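1. the sequence isn't on hand, but the structure is:
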């Protein structure tokens, strides 16, 4: 086999959409607390927004250029767009059905009620009128549609109303239509005072308040109709490879993101057909990109902090491994042993403590770190700035192009530069996605290096919600490799040649292919052979072909893929030895772990890269070995085998690209991998 077709390669956009549907399915899962189910519904909305902003926008752009697909499945672009439209329409309908038919009624039973515009009671009206006049009306800017006021340029994903009017305005004009943008600076969910709600929690959406008082925005006229709508735009950024200053070029592009090409129109289901058609024409969208929704069109902003803890997941306190519980002995501990962190089950604080200790230690000379998504309020950014002010040589490799965090990263760069750190924006044309910290310390007239390598971003908030691995080590070769890669990123020298690390875009893909080929040779010799790969996405065509060859050779292949999987498992003669699972649970699965049995040698690697072309050929990534036998055993048992045992949060992919939820068999105990790992940490905390 030398190439793919739709028989051997699942379209990546359709696979990603299937992942979003698995997230939506969590809103139906009664094993989750009620408010967490609502949160999954909101996450689905946000995911779908980004899917249209990036993936659908890219397909529409491709269709405009030539319509010729470059995807390995060779399915024409217009067919993929139609399949996306069919699936997304069906999922959107299901989403609002879950909200209206299941979640809102159940929330009401627990004393949490969302007041719709038509449900406003007389006892609410005076308070809402006052709130509207004082808090909302001064901020709202209604825009009439007439020859002097053409259809406004509306911001990406902003909530708006189109209003039908009767009567004359102050200038004696007959105005039939107007646009009312909903202010994004105001809270989207408003709580009605408890004394007006019989002690219950009553909430009303900002949009419902505006709709109820819309006529007040047009004195002397009558609003005969008021309909919500929202347009989603292309939000991908394109930077010229020859940009003189990446930060300046990025700032210019960010302003255009808000007004990119339209890719989706969502409208209230009660809006008349002639208004729908009018909006479609204004946005130059085909009917396939039109979504009629039965509820708030901006569900992504529905979330609020409801004070009902019993309807949430029980709080979980991450464990600080015993070896690094003393925040002032990190260097001493790492001089003796490696430390493995498995977030969010293990606390992220040891990583921050390493930097804090380094910032204050007079023997520390330099700190180097990559930053992909951290944020200006991040404690890590503040500690790096402190270290620079303390006279340490601080170097930060900041990836400005981390999608939807570009503006935040520019602010981070400015904070660190003002503190005296050296800030580098990485390599033009290659996103710096590697997760590395290097601390250089003088000890007994020699320089010693301390390193942290991870699978996830240096973001303390994400470390509470995403599963990731981090390795703290002083291994000489690994530290030397990290040093070389930092030199490569900040200088203009030759390609680094690491001893132990695999390094994209140079060696990682070749090394992965080599490890797969080794496993194939072991199987062909008649010995047991196995691979377990855990990544967020699998799309790279050559790796998929290699995995097919491995299956045909008799290698047992287990793939734990969170979202996109373009490989077709369980196809007779092709992939019957490949099993694909996806875990969707309380925490977002984000670890990247590659395990090769290697005839008992058990080679194990963690890394920052998914098995996608962009990670392997267009990004700077690192992949590091786990060599300590105890840490290796911990990752294999906790990070891989436990997930293969999960029978409550797992989904399995079949040969027809259908995902099936896994349920416990008769007389089989329920096993939830994430729950098992939390309970394991809680037991260790008590010891």
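-> Nice, thanks for sending it over. On a predicted model such as this, the values are computed, not experimentally measured, just so you know.

2. rest of the way, CA atoms for contacts and neighbours
-> OK.

3. show residues contacting stretch 77-87.
-> Contact partners of stretch 77-87, identified using CA atoms under 8 Å, 6 or more residues apart in numbering, comprise 13, 14, 17, 56, 59, 62, 63, 67, 68, 69, 288, 289.

4. burial of the second one, as a residue count?
-> Read it as residue 14. Per other CA atoms under 10 Å, the neighbour tally for residue 14 reads 20.

5. that one: what's it in contact with?
-> Neighbour list for residue 14: 80, 83, 84 [criterion: CA under 8 Å, 6+ apart].

6. out of those residues, who has the most neighbours?
-> That'd be residue 84 among the contacts of residue 14, by other CA under 10 Å, with 19 neighbours.

7. relative to residue 528, how far out is it?
-> Residue 84 sits 41 Å away from residue 528, going by CA to CA, to the nearest Å.

8. same check, this time on residue 551
-> Per CA to CA, residue 551 is found 12 Å from residue 528.

9. same question for residue 650.
-> Here residue 650 is placed at a distance of 26 Å from residue 528 (CA to CA).

10. picking that back up, more neighbours, residue 551 and residue 528?
-> With neighbours defined as other CA under 10 Å, residue 551 and residue 528 compare such that residue 551 has more, 23 against 16.

11. list the buried residues for the host helix or strand of the more buried one?
-> Using DSSP states H and E, residue 551 sits in helix 541-553. Neighbour-count burial for helix 541-553, counted by 16 or more other CA atoms under 10 Å, picks out 541, 543, 544, 545, 546, 547, 548, 549, 550, 551, 552, 553.

12. okay if I get these as a markdown table plus distance to residue 655?
-> Formatted as a markdown table, these follow (distance: CA to CA, whole Å):
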| residue | distance to residue 655 |
| --- | --- |
| 541 | 17 |
| 543 | 18 |
| 544 | 14 |
| 545 | 16 |
| 546 | 18 |
| 547 | 15 |
| 548 | 13 |
| 549 | 16 |
| 550 | 17 |
| 551 | 14 |
| 552 | 15 |
| 553 | 19 |
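
13. now those in CSV, with pLDDT and distance to residue 430?
-> Listed next are the buried residues of helix 541-553 as CSV, based on pLDDT from 0 to 100; distance: CA to CA, whole Å:
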residue, pLDDT, distance to residue 430
541, 96, 20
543, 98, 21
544, 98, 23
545, 97, 25
546, 98, 25
547, 98, 27
548, 98, 29
549, 98, 30
550, 98, 31
551, 98, 33
552, 97, 35
553, 97, 35
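
14. in the chain, what secondary structure element scores lowest on mean pLDDT?
-> helix 246-257 (a mean of 56; mean pLDDT, DSSP states H and E).

15. can I see the domain layout of this structure?
-> 12-311, 322-497, 504-686 (automatic domain parsing).

16. wait, residue 655 sits on residue 565?
-> No: with contact defined as CA atoms under 8 Å, residue 655 does not count as touching residue 565 (11.8 Å).

17. for my notes, confirm residue 582 occurs in a strand.
-> Yes: counting by DSSP: H, G, I helix; E, B strand; the rest coil, residue 582 is located in a strand.

18. got a pLDDT number for it?
-> The per-residue pLDDT reported for residue 582 equals 98.

19. so what does residue 327 look like in phi/psi?
-> Main-chain dihedrals, residue 327, degrees, to the nearest 10: phi -70, psi -10.

20. so what's the residue count around it?
-> Neighbours of residue 327 under the rule other CA under 10 Å: 15.

21. show me where the stretch 301-450 of the chain has strands.
-> In the stretch 301-450 of the chain, the strands defined using DSSP state E, counting those that start in this stretch lie at 339-343, 364-371, 393-398, 422-424, 431-432, 436-443, 446-454.

22. what helices or strands is the shortest one leaning on?
-> What that stands for is strand 431-432. strand 619-625 (3 or more CA pairs under 8 Å, 6 or more residues apart in numbering; DSSP states H and E).

23. okay, the angle between the strand it packs on and strand 436-443?
-> Put simply, strand 619-625 runs at 60 degrees to strand 436-443, going by axes from the mean of the first three to the mean of the last three CA atoms, to 10 degrees.

24. which stretches of the stretch 251-400 of the chain form helices?
-> Shown for the stretch 251-400 of the chain, the helices assigned by DSSP state H, counting those that start in this stretch span residues 273-283, 330-336, 349-360, 379-389.
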